[in-house]
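**Student:** give me a model of this one.
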Amino acid sequence: MVNRWARLLADTLFPQQCLLCRLPSASHLPLCGCCAAQLVPNHPCCPCCALPLATPGGGLCSACTQRPPALDRVLAPYVYEPCLGYLIGQWKFQRQRHLSGLLAELWLAAVDPPQDRDLLLPVPMHWRRLLQRGFNQATLLARALQHCDSALQRLPVAERTLRRPRAVPAQSTLTAQQRLHNLRDAFSLRAPVQGRRIALVDDVMTTGATAETIARLLKDAGAADVQLWCIARTPPPAT
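**Tutor:** Predicted structure coming up:
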């Protein structure tokens, strides 16, 4: 009750502006309802890796059919497109940390989080990149999900379970195969995960190389189930 009244007072005194259209958002979030409705839902998609598909009811994508991934499931409720890309870019690269709450609420508005997880595991950053950026966006998202959903508050955010001891070149310009090679030995475990059901948290899934590398590491260490929870999935390349 106190939080609700505090939010109403803040909305009255400091009205939010939509980051996309610059009009008043009419809510406690910096995104108006009209612009929120323009975000592209990731449906239909592969039930395993969440790759956007052209037609519904097609089952697994060809990649998951040919080579089942270590990831058991990917929850990526939106397609990565310019509007959402702008919001994520402002959050990550313009250091607008307060957008963590917006992105968490968008995720929760589209996803019913599974209640069988044992921990939230943010994808780690190498210490040099963390020092440059000042924060790990995956950790911010995991904590924002907890803050916005009381059912997730029971889960520990396991920031120290996984580390990234080796800095690797940026993944953005590499092919899927190059990304996998680039990530060899890039992660290591610092705590046991035997029998744990893990929600790996990240912002965007592109080729899935990072999440797949981590999932294989966790499965080799005895993790029972590994899901990836992220905001968006990039569409397949145009053919």
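**Student:** need the contact partners of stretch 152-159.
**Tutor:** With contacts defined as CB atoms under 8 Å, 6 or more residues apart in numbering, stretch 152-159 is touched by 113, 117-122, 124, 136, 139, 142-143, 145-147, 191, 199. C-betas here are computed from N, CA, C, even on glycine.
**Student:** Three-state assignment for residue 218, please.
**Tutor:** Each residue gets one of three states, and residue 218 gets helix by DSSP: H, G, I helix; E, B strand; the rest coil.
**Student:** drop anything exposed from the contacts of stretch 152-159.
**Tutor:** Buried residues within those, counting neighbours by 16 or more other CB atoms under 10 Å: 113, 117-122, 124, 136, 139, 142-143, 145-146, 199.
**Student:** which two among those are spaced furthest apart?
**Tutor:** Farthest pair in the buried ones among the contacts of stretch 152-159 (CB to CB) is 113 and 124. Separation: 21.5 Å.
**Student:** could you list the low-confidence segments of the protein?
**Tutor:** Low-confidence regions of the chain, defined by pLDDT under 70, span residues 1-15, 167-182, 184, 238-239.
**Student:** please enumerate the helices of this protein.
**Tutor:** Under the criterion DSSP state H, the chain carries helices at the ranges 2-13, 33-36, 62-66, 82-93, 99-110, 127-133, 137-148, 176-182, 209-220.
**Student:** pick the most buried one from those helices.
**Tutor:** Greatest average neighbour count among these goes to helix 137-148 (a mean of 22), per mean count of other CB atoms under 10 Å.
**Student:** hmm, who's touching that helix?
**Tutor:** 91-92, 97, 100-101, 103-105, 107-108, 113, 120-125, 152-153, 155, 157, 159, 201-203, 229, 231.
**Student:** please repeat the previous calculation with a cut-off of 6 Å.
**Tutor:** Contact partners of helix 137-148, identified using CB atoms under 6 Å, 6 or more residues apart in numbering, comprise 92, 100-101, 104-105, 108, 120, 122-123, 152-153, 157, 159, 201-203.
**Student:** between helix 82-93 and that helix, find me the angle.
**Tutor:** Put simply, helix 137-148 runs at 100 degrees to helix 82-93, going by axes from the mean of the first three to the mean of the last three CA atoms, to 10 degrees.
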